[in-house]
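Asks: return a 3D structure for these sequence lines:
(one chain, ligands or ions: 1)
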Amino acid sequence: MNTKFTKKLAIKSIILIGYIALFSLFPKKPQTTSSNSIAQIPPFDNFPPNLQKPPKPQIQPSPATTPTPKPAEQPLVFAPPTQFRSQIVYKASISNSKVIALTFDDGPTAETLKILEVLQKHNAVATFFCLGRNLREYPEIAKKVVQAGNAIGNHTWHHYYHDVTEKTASNEIDYTGIHIHRSSGAKSLLFRPPGGRLNNGFADYAKKKNYVVVMWSIDPKDYQQLPANTIAHTVISQATSGAIVLLHDGGGPASKQSRQSLQLFPNSNNRDTVLSPYRNSYNCKQKKNSK
Ligand SMILES: [Zn+2]
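Replies: Model (predicted):
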């Protein structure tokens, strides 16, 4: 019996289960089957009149010989299953699997493209919580984020920390949602409040609008400009199944440190925890005393 093969198969099975489990919390392309919970997502409403939808191309009246136009593609929606709507989530409940979720805040920026390269190199994807003002500035980068298979989430327009009225929260979140759609063609019901603040009005409004408020369980403090290997070590040493990791692709030097730490993940198998790249997440398993 080839034990190596069997072991490999067992690990692959674990990875697959983890992948499926994590996907239950994180983005998924809407399916056409009616059983998919995404089909129940309410449409965005209350869009300001001048920003309702991306402008549609003018369609000329077609001559008789023109083939009938294709039906409009179903929009990509990043949304959790219904039980997570209007909830605050710190980590995913995943059993029998060893996956963690990477999240990047405050982009998109030029650095986002470099992070995408590293993620692609490791066949991993992440969730990017974007600022509306950056989406307006770098719509093409947001598009690449989604095209590369990553999810996109709402992180408000201005990144205010102070208390806001419901009207301000509405402007900040709704306009950002509009620009997520304009730039990437996707809709998102994933929300992360600036600074993780839950009591200044944003989270309440997001919950009211059916977003899932995505917090985190691992904060390697990349914003303190710690060395990349320190960031990587924090993530690796704290990694447990379903963990959500807070990283940054915007906001200055933090993004560079995050990217560099990401490069270190697959090479950290000399420690107790192994992180190996996997699509949608990093698969991590406790290293057993082999040999
Ligand atoms: Zn932020």
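
Asks: for the stretch 51-200 of the chain, give me the ranges with low pLDDT.
Replies: Within the stretch 51-200 of the chain, the stretches with pLDDT under 70 are 51-73, 94-98.

Asks: just the closest residue of it to the ion, please.
Replies: D105 (4.1 Å; Cβ to the ion). Where C-beta positions appear, they are placed from N, C-alpha and C, glycine not excepted.

Asks: near that residue, how many other residues are there?
Replies: Applying other Cβ atoms under 10 Å, we find 28 residues neighbouring D105.

Asks: that one and R197: what is the separation?
Replies: 13 Å (Cβ to Cβ, to the nearest Å).

Asks: immediately after the top strand by length along the chain, which helix or strand?
Replies: Secondary structure of the chain read by DSSP state E shows that its longest strand is strand 99-107. Sequence order places helix 110-121 as the next helix or strand after strand 99-107, per DSSP states H and E.

Asks: tell me what the helix or strand following that following helix is packed against?
Replies: Counting by DSSP H and E, the next helix or strand C-terminal to helix 110-121 is strand 127-130. Other helices and strands packing on strand 127-130, by 3 or more Cβ pairs under 8 Å, 6 or more residues apart in numbering; DSSP states H and E, are strand 99-107, helix 139-147, strand 151-154, strand 190-191.

Asks: quick check: residues of the stretch 51-200 of the chain near the ion?
Replies: Neighbours of the ion within the stretch 51-200 of the chain, by Cβ under 5 Å from the ion: 105-106, 194.

Asks: looking at the residues you listed, which is nearest F129?
Replies: The closest of those to F129 turns out to be D105 (Cβ to Cβ; 4.7 Å).

Asks: pretty sure that closest one is touching G251, no?
Replies: Yes. Between D105 and G251 there is a contact at 7.4 Å, judged by Cβ atoms under 8 Å.

Asks: picking that back up, I'd like the residues of the stretch 51-200 of the chain next to the ion as CSV, with distance to P227 appended.
Replies: What follows is these, written out as CSV (distance: Cβ to Cβ, whole Å):
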residue, distance to P227
D105, 20
D106, 20
P194, 25
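
Asks: what ranges does the protein have for its strands?
Replies: 76-78, 88-89, 99-107, 127-130, 151-154, 186-188, 190-191, 212-214, 244-248, 273-278, 281-286.

Asks: who does the third one touch, helix- and strand-wise?
Replies: Based on contacts counted as 3+ Cβ pairs under 8 Å, 6+ apart, the elements that strand 99-107 packs against are helix 3-23, helix 110-121, strand 127-130, strand 244-248, helix 254-264, strand 281-286.

Asks: rounded mean pLDDT for the last one, please.
Replies: In this model, strand 281-286 has a mean pLDDT of 48.

Asks: just the fourth one next, same as before
Replies: Mean pLDDT, strand 244-248: 93.

Asks: dump that strand to CSV, restricted to CA.
Replies: Extracted as CSV, the C-alpha positions of strand 244-248 are listed here (Å, rounded to 0.1, in the frame of the first residue of the first chain):
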residue,chain,number,x,y,z
ILE,A,244,-10.1,35.4,9.5
VAL,A,245,-6.9,37.4,9.1
LEU,A,246,-6.8,41.2,9.0
LEU,A,247,-4.2,42.5,6.5
HIS,A,248,-4.0,45.7,4.4
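
Asks: could you check how far I236 is from F128?
Replies: 22 Å.

Asks: how long is stretch 153-172 end to end?
Replies: Stretch 153-172 has an end-to-end distance of 13 Å (criterion: Cα to Cα, to the nearest Å).

Asks: give the buried residues for that stretch.
Replies: By neighbour count on 16 or more other Cβ atoms under 10 Å, the buried set for stretch 153-172 is 153-157, 159-160, 164, 168-172.

Asks: kindly report the same for stretch 198-212.
Replies: For stretch 198-212, a neighbour-count test (16+ other Cβ under 10 Å) marks 200-207, 209-212 as buried.

Asks: now, the most widely separated pair of those?
Replies: Going by Cβ to Cβ, the pair spanning the buried residues of stretch 198-212 furthest: N200 and N210, at 19.5 Å.
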